[in-house]
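> have a look at this prediction, sequence included:
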2 protein chains.
Amino acid sequence: MARVLLTGAAGRVGTAILGGLDDAHDWRLLDRDPPTGELTEYEYFVADITDESALLAAMEGIDVVVHLAGDPRPEAPWDSVLANNIDGTHAVFEAAVESGVEKVAFASSNHAVGAYELERTPQIYRTVSDYRLDGSELPRPKNLYGVSKAAGETLGRYYHDMYDLSVVCVRIGNLTKDHPPIDYERGQAMWLSYRDCAHLFDRCIRADYDYEVVYGISDNDRKYYSLQPARDVLGYDPQDNSADHD
Amino acid sequence: MARVLLTGAAGRVGTAILGGLDDAHDWRLLDRDPPTGELTEYEYFVADITDESALLAAMEGIDVVVHLAGDPRPEAPWDSVLANNIDGTHAVFEAAVESGVEKVAFASSNHAVGAYELERTPQIYRTVSDYRLDGSELPRPKNLYGVSKAAGETLGRYYHDMYDLSVVCVRIGNLTKDHPPIDYERGQAMWLSYRDCAHLFDRCIRADYDYEVVYGISDNDRKYYSLQPARDVLGYDPQDNSADHD
């Protein structure tokens, strides 16, 4: 079992991951909010991710970091994403290298590339469109949150190239429980089910890779993100499709 | 004549630009250091670029911003590039949009892509290699300064896409006066003469563009950056070549 630190563990992505992979790995959690409910059963650090000494303590003996912490609001103001998402992600990578961590899976976002949709809406969200982003394209954020996620990806590239850390950046789509967003084409195009989310991060923990940018969505008929890199590099095999919930 | 604000005007790139284009545009300068020498003859604002109200005052009536300000050291520590280069560049773009500026030329750097050289040294610096970067590739910084420049480029993309600002990011090579670096193959590959530097930024001020990433080097035989995008988009026509100084 891999010893895995989950930052931002109390958030929605963390909930999906722990719900699906509770017994699969040896978890340690970190969040700036204290644990509630089932989270009280885990080894748990309450700390801000810009707190370097707390990060080093939390990473002691850790093999893999799944870095989810950050301001998750697409409309978050610059000061918050600068501190929590950009500075915080730098602190996580820095501590990972210093702690001898082998891999970091970084929760990036569809918002890193949201502006590709600008001239293609709503066709891009429909099955008639075969337009695909595959992770090799330059970032095009539609908000400052997306800028911060793109900056985190570049930090990951740097820490891979210079410190040989394995880094995968997962541009997470629209994670919702039980069923995809209703009457929201964009959300259905980039839906990520809880089950596929847990499986995807399990593959990020287990697979071997150098530096990769992959899209984190279910196998939706409406998709405009290619799943091929995630399948090829990670062995991702999604089971859900928003079209099955019409 | 365009009314142009030059941030970081007292630095080396600013010196090359003003030296070549003194009479070509209606200049306003901004630097956090007070003016000395010939700079005292210009309209001059002493301010830090993270000072929003000073930026707004300096951009009043301005058509084009040439944004050079930032910590220029490749070895600069994270805290400095986070504040001066990432936060500072955000402040400049934000003020530009608020002030109705039409274009921003952003001084990015070869360091945004320095790690592409890692497995290709020293062949990449020699004329036998026809390997070329052209600005469509993802950033691969070899230092945190390069990370900060890549983040500035993504900010430019965002302000172009969402606010229709014309933005050109110039990945500046190795700017030296009079002659290229001696006994330094990398420096000769990415040499930018003062004359070509002034001409390149003159084209950034005059040309029409949407969002572009171009390389700022002279037409060196040793080059591994393509000059085609700068030629096509800006009408850049470099006159110098480090090979002529052998």
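Yep, that arrived. Nothing here was measured: the structure is a model prediction, and the numbers come from that model. Numbering: from 1, shown residues only, chains lettered A, B, ... in the order given.

> from now on I want contacts and neighbour counts done on CA atoms only, so please keep to that.
Fine.

> need the longest helix for chain A.
As assigned by DSSP state H, the longest helix anywhere in chain A is helix A:144-163.

> name the helices or strands packed onto the helix or strand following that one?
Reading on from helix A:144-163 to the C-terminus, the next helix or strand found by DSSP states H and E is strand A:166-172. Under the contact criterion of 3 or more C-alpha pairs under 8 Å, 6 or more residues apart in numbering or on different chains; DSSP states H and E, strand A:166-172 touches strand A:103-109, helix A:144-163, strand A:211-216.

> let me see the mean pLDDT of the longest one.
For helix A:144-163, mean pLDDT rounds to 98.

> next, the buried residues of that helix.
For helix A:144-163, burial by neighbour count (16 or more other C-alpha atoms under 10 Å in any protein chain shown) applies to A:144-161.

> do that helix and chain B meet?
Yes - shown here: helix A:144-163 in contact with chain B (C-alpha under 8 Å from any C-alpha of the partner chain) through A:L144, A:V147, A:A150, A:A151, A:T154, A:L155, A:R157, A:Y158, A:D161, A:M162.

> which parts of chain A are helices?
According to DSSP H, the helices that chain A contains are A:12-21, A:52-58, A:78-80, A:88-99, A:144-163, A:185-189, A:194-206, A:228-229.

> between these, which one is nearest to A:E117?
With distances scored as C-alpha to C-alpha, the stretch of the helices of chain A nearest to A:E117 is helix A:185-189 (9.6 Å).

> could I get the CA-only coordinates of that closest one as CSV?
Below are the C-alpha coordinates for helix A:185-189, written out as CSV (Å, rounded to 0.1, in the frame of the first residue of the first chain):
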residue,chain,number,x,y,z
GLU,A,185,-24.6,20.9,-21.5
ARG,A,186,-21.1,22.0,-20.5
GLY,A,187,-21.4,20.1,-17.2
GLN,A,188,-22.5,17.0,-19.0
ALA,A,189,-19.6,17.3,-21.5
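
> any idea of the mean pLDDT in it?
pLDDT averaged over helix A:185-189 gives 96.

> contacting residues around it?
Helix A:185-189 has contacts (C-alpha atoms under 8 Å, 6 or more residues apart in numbering or on different chains) with A:122, A:125-126, A:173-174, A:180-182, A:220-224, A:242-243.

> return the most buried member of the helices of chain A.
Of these, the one with the most neighbours on average (mean count of other C-alpha atoms under 10 Å in any protein chain shown) is helix A:144-163, at a mean of 26.

> that helix vs helix B:144-163, what angle?
Counting by axes from the mean of the first three to the mean of the last three C-alpha atoms, to 10 degrees, helix A:144-163 lies at 160 degrees to helix B:144-163.

> distance from the chain centre to helix A:144-163, please.
13 Å (C-alpha atoms, centre = their mean, to the nearest Å).

> please apply the same query to stretch A:109-125.
For stretch A:109-125, the distance to the chain centre is 18 Å (C-alpha atoms, centre = their mean).

> so for that stretch, what gets flagged as buried?
A:S109, A:N110, A:H111, A:A112, A:V113, A:G114, A:A115, A:Y116, A:E117, A:I124, A:Y125.

> closest to chain B out of these?
A:A115 (6.8 Å; C-alpha to the nearest C-alpha).

> which residues does the closest one contact?
Going by C-alpha under 8 Å, 6+ apart, A:A115 touches A:R140, A:P141, A:K142, B:D161.

> returning to that earlier point: TSV for the residues of helix A:144-163 next to chain B, including distance to B:L234?
Listed next are those as TSV, based on distance: C-alpha to C-alpha, whole Å:
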residue	distance to B:L234
A:L144	28
A:V147	26
A:A150	27
A:A151	27
A:T154	27
A:L155	30
A:R157	30
A:Y158	30
A:D161	32
A:M162	34
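
> which of those residues sits closest to A:G61?
A:M162 (21.8 Å).

> for the closest one, what are its contacts?
A:M162 neighbours (C-alpha under 8 Å, 6+ apart): B:K142.

> how confident was the prediction at the closest residue in space to A:Y44 that isn't next to it in sequence?
The spatially closest residue to A:Y44, leaving aside those adjacent along the chain, is A:L29, at 4.7 Å (C-alpha to C-alpha, 6 or more residues apart in numbering or on different chains). A:L29 is assigned a pLDDT of 98 by the prediction.

> which bits of chain A sit near chain B?
Counting by C-alpha under 8 Å from any C-alpha, chain A sits next to chain B at A:82, A:87, A:115, A:136-144, A:147, A:150-151, A:154-155, A:157-158, A:161-162.

> can you rerun that using 7 Å?
Contact residues, chain A versus chain B (C-alpha under 7 Å from any C-alpha of the partner chain): A:115, A:138-142, A:147, A:151, A:154-155, A:157-158, A:161-162.

> tell me who's in contact with A:E212.
Counting by C-alpha atoms under 7 Å, 6 or more residues apart in numbering or on different chains, A:E212 touches A:V167, A:V168, A:C169.
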